[in-house]
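Enquirer: have a look; sequence and predicted model below, questions after that.
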Amino acid sequence: MVDSIGALGGLAIMWKRNSITFTCCTRMQNRLPSKVRSLSLNLEFIILDVYGPIPIDKKRVVWQEIEHFLRNQDAKNIIIGGDFNTILHTTDKSGGIRSIKQPYRDFANWISENNLLEIKTELGLHTWNNKRKGFCNIVQTLDRFFFKGDMSDFNSELKAIVLPWSGSDHCPVLLELLGEAKTFGCPFKFELMWFKYEDFLPNIQKWWNEGVFVGSKLYCLVSKLKDNKHKLLDWNKMKFKNIFEEKIRIEKELELVNNDVIQHGMTQTTYEAEKKLLCEYEDILAKEEIFWKQKTRETWLEDGDRNTKFFHNSVKRKRERNKII
């Protein structure tokens, strides 16, 4: 991770731990290289996360640094992606002045000279929106992925998917390697947050009394515990599915609104719809934060502080302490 400077820059890479292994290399302000190995596809490559500065002179410096990095790599396959802060074609922009300027030509020449192949995005064309209404609305394609190497190694397993934004002026772009590693079920864990529901203890007593088993006392005890565990898991899903299903619903509706804005620009209707959905989304995220806070067992922080990063790090540290090597 590379920290931002105010509202500008900043780089972070996220991945599924059960699908790939990640090793971060030397990081710079505008680029973050990492060595990646796909566990399911048995592929090794380098991914270079990039943030392109806005001034054209600084853009050219970053392009030269990336070119130098590419020339000094022994890796067979390299993926370069991020916010390049420039377009390539007139179709990459809607609204405002649409003309190909010299910086765009320089960017296209840099791509050609370094033999970079663009990974075309799916489910969306433009990745940046100034969030203004009507004729003032401008959308552009600023975020991209490029590939350098032997594409046949991936067997069409590489995809870049534009996801709906939620508050930011950029759409996230998901780089996906098809073929997931096998996942394993999580062990049963008792959660203290269950005590927040008034029907929790009465249900436990009810389920315990409902279970009737024939056999030794030890057999009956183990059977009752297993029976209560399954009923408790079903009850847990019923109580918490609303939070996560509602989050998915809002994200899908935001995606529809975003696509409408991309195709027709920002109108009063889409502006109000997005504003309403973002308020609902903020409420859902607050509820989700409480859920993660209970996962970390941290009780000294106030609810609503939105310390999601802290909670996730706390969960990670707890898991590392509990890991058996």
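Expert: In hand now; what should we look at?
Enquirer: quick one: Asp57 from Thr90, how far?
Expert: Plainly put, Asp57 is 24 Å away from Thr90 if you go by C-beta to C-beta, to the nearest Å. (Glycine included, C-beta is placed from N, CA and C.)
Enquirer: in contact with Leu174, which residues?
Expert: 160-163 (C-beta atoms under 8 Å, 6 or more residues apart in numbering).
Enquirer: buried subset of those residues?
Expert: Neighbour-count burial (16 or more other C-beta atoms under 10 Å) is assigned, among the contacts of Leu174, to 160, 162-163.
Enquirer: possible to save these as a markdown table with pLDDT, secondary structure and distance to Ile284?
Expert: As requested, these are exported to a markdown table (pLDDT from 0 to 100; DSSP: H, G, I helix; E, B strand; the rest coil; distance: C-beta to C-beta, whole Å):
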| residue | pLDDT | secondary structure | distance to Ile284 |
| --- | --- | --- | --- |
| Ala160 | 84 | strand | 27 |
| Val162 | 84 | strand | 22 |
| Leu163 | 83 | coil | 17 |
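Enquirer: out of those, flag the one nearest to Met14.
Expert: Leu163 (12.3 Å; C-beta to C-beta).
Enquirer: count of residues packed around the nearest residue to that closest one once chain neighbours are set aside?
Expert: Among residues not flanking Leu163 along the chain, Pro172 sits closest, at 4.5 Å (C-beta to C-beta, 6 or more residues apart in numbering). By the other C-beta atoms under 10 Å criterion, the neighbourhood of Pro172 contains 14 residues.
Enquirer: what helix or strand is the nearest residue to Pro164 once chain neighbours are set aside located in?
Expert: Closest residue to Pro164 apart from its sequence neighbours, by C-beta to C-beta, 6+ apart: Glu255 at 3.6 Å. Element membership for Glu255, per DSSP states H and E: helix 217-264.
Enquirer: and that helix, how far out from the chain's middle?
Expert: 19 Å (C-alpha atoms, centre = their mean, to the nearest Å).
Enquirer: what's the first helix or strand after that helix?
Expert: Next along from helix 217-264, by DSSP H and E: helix 268-296.
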